[in-house]
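J.: sequence first, predicted model second:
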Amino acid sequence: MTSHPKLYEGKAKILYATDDPAVLLTYFKDDATAFNAQKRGSIQGKGAANCAIASHLFQQLELKGIPTHFIDQPSPNEMRVKAVKIVPLEVVIRNIAAGSLCKQTGLALGTVIQPPLIEFYYKNDELGDPLLTRDRLFLMKLATPEQVAQLQIMALKINEILTEFFQNCGITLVDFKLEFGVDQNQQILLADEISPDTCRLWNQAETDPTRRVMDKDRFRHDLGEVETAYQQVLERVLASSDKVGEIQ
C-alpha cells in the first residue's frame, strides 16, 4: 500500500493523495458491509476482484464514449483515478425488479422493467441513503437540473453498454448503482466503481433463485460461496474484455 496521506476511508475503499493533486489512488479492501453497514464481514480476494472488474468495465465504457475517472491499475488492489468532486447522489438503474424495489412496491422478484427505472438516492450514511424525489433533490441543491438531465442520459447509455457486455458474459444485469464526480473542468465523469458490490448480477445458466446470484446479495443473505461468485464474475469479465479487444 502507498505511503501517501489517506484522504478518506469508506466501507469498501480507501482514497489516498498522490504527488499529483489531479490524481488520487484508490485501494480496494476485502471488507464487506450490507444493510447500511449493520452487517459487516470480509470476503477473501474481494478487493482485487472488484478492482480488476471495475478497471476493465471503465475501459470498456471509455471505448464507448463514456468519460470516467479511471487512469490505470498499478497493482491488484489499487486504481489510479482523476480527482473529482463527487456529486452527492447515488444513481440506481433497475432493469429487473429485485431488492428494495420489490419490498417497497410489491412488484414480484424478476419483473422486467421497461423502460429501465432510474432512481436518485441521497449519498448520506447517517440518513440511510434515502430515495429522493426530483423536487427534494432540487430543494436540497444536490445537483442542478442540467446536471440531473446529464446524469440520466449517461446512466441510460451506461446501462445499454453494460447490459450488452454482461449478456456476452452469460450474466443478466438486474440493477446497479452509479456515482459521478465533477472534474476541474466541470465535466461530469463516472466515478467510484462498477463491481459485484454495486451491481445485481444473475448467472443466465442457472434458474434457481439462490444459485444464480453472483453479487453481494450472497453476502447480504448468507447464501454462501461469496468468494466463488466474485471470482466467476471476474473471469467472465476478463474473457469478454479480451473478445472485445480482438474484435477491434
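T.: Structure's in. What do you need? Numbering: from 1, shown residues only.
J.: can you tell me the SS state at the residue sitting nearest the centre point of the chain?
T.: The geometric centre of the chain, computed from its C-alpha atoms, lies nearest to residue 194 (CA atoms, centre = their mean), at 3.1 Å. State at residue 194, reduced to three classes by DSSP: H, G, I helix; E, B strand; the rest coil: coil.
J.: measure it to residue 237 for me?
T.: With the distance defined as CB to CB, to the nearest Å, residue 194 ends up 10 Å from residue 237. For every residue, glycine as well, the C-beta is placed using N, CA and C.
J.: got a list of contacts for the longest helix seen in the chain?
T.: Using DSSP state H to define each element, the chain has its longest helix at helix 145-168. The contact list for helix 145-168, computed with CB atoms under 8 Å, 6 or more residues apart in numbering, reads 57, 60-61, 64-66, 87, 89, 91, 93, 95, 116, 118, 120, 134, 137-138, 143, 172-173, 176, 178, 180, 188, 190, 194, 201, 240, 243-244.
J.: buried stuff in that helix?
T.: Judged by neighbour count (16 or more other CB atoms under 10 Å), helix 145-168 contains these buried residues: 147, 148, 151, 154, 155, 158, 159, 161, 162, 163, 165, 166.
J.: if you look at the contacts of helix 145-168, which of them are in strands?
T.: 89, 91, 93, 95, 116, 118, 120, 172-173, 176, 178, 180, 188, 190, 201 (DSSP state E).
J.: I figured residue 95 hits residue 112, correct?
T.: Yes. Because the distance of 7.3 Å satisfies CB atoms under 8 Å, residue 95 is recorded as touching residue 112.
J.: who has more neighbours, the two?
T.: A count of neighbours by other CB atoms under 10 Å puts residue 95 above the other of residue 95 and residue 112, at 20 against 8.
J.: OK, contacts around the more buried one?
T.: 112, 113, 116, 159, 163, 172, 173, 174, 175.
J.: can you tell me which of the residues you listed is closest to residue 211?
T.: Ranked by distance to residue 211 (CB to CB), the contacts of residue 95 are led by residue 172 at 13.5 Å.
J.: does the closest one touch residue 204 like I think?
T.: Yes. The pair residue 172 and residue 204 qualifies as a contact (CB under 8 Å) at a distance of 5.7 Å.
J.: who's more crowded, these two?
T.: In this comparison of residue 172 against residue 204, neighbours counted by other CB under 10 Å, the higher total goes to residue 172 at 18 against 13.
J.: the residue lying closest to that one once chain neighbours are set aside: what's it in contact with?
T.: Leaving aside its sequence neighbours, residue 172 sits nearest to residue 202 (CB to CB, 6 or more residues apart in numbering; 4.3 Å). Taking CB under 8 Å, 6+ apart as the contact definition, residue 202 lies against 171, 172, 174, 212, 213, 214.
J.: just send the residues you listed back as JSON lines, with distance to residue 126 and pLDDT too.
T.: Written out in JSON lines, the entries for the contacts of residue 202 read as follows (distance: CB to CB, whole Å; pLDDT from 0 to 100):
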{"residue": "171", "distance to residue 126": "34", "pLDDT": "98"}
{"residue": "172", "distance to residue 126": "34", "pLDDT": "98"}
{"residue": "174", "distance to residue 126": "28", "pLDDT": "98"}
{"residue": "212", "distance to residue 126": "34", "pLDDT": "98"}
{"residue": "213", "distance to residue 126": "29", "pLDDT": "98"}
{"residue": "214", "distance to residue 126": "31", "pLDDT": "98"}
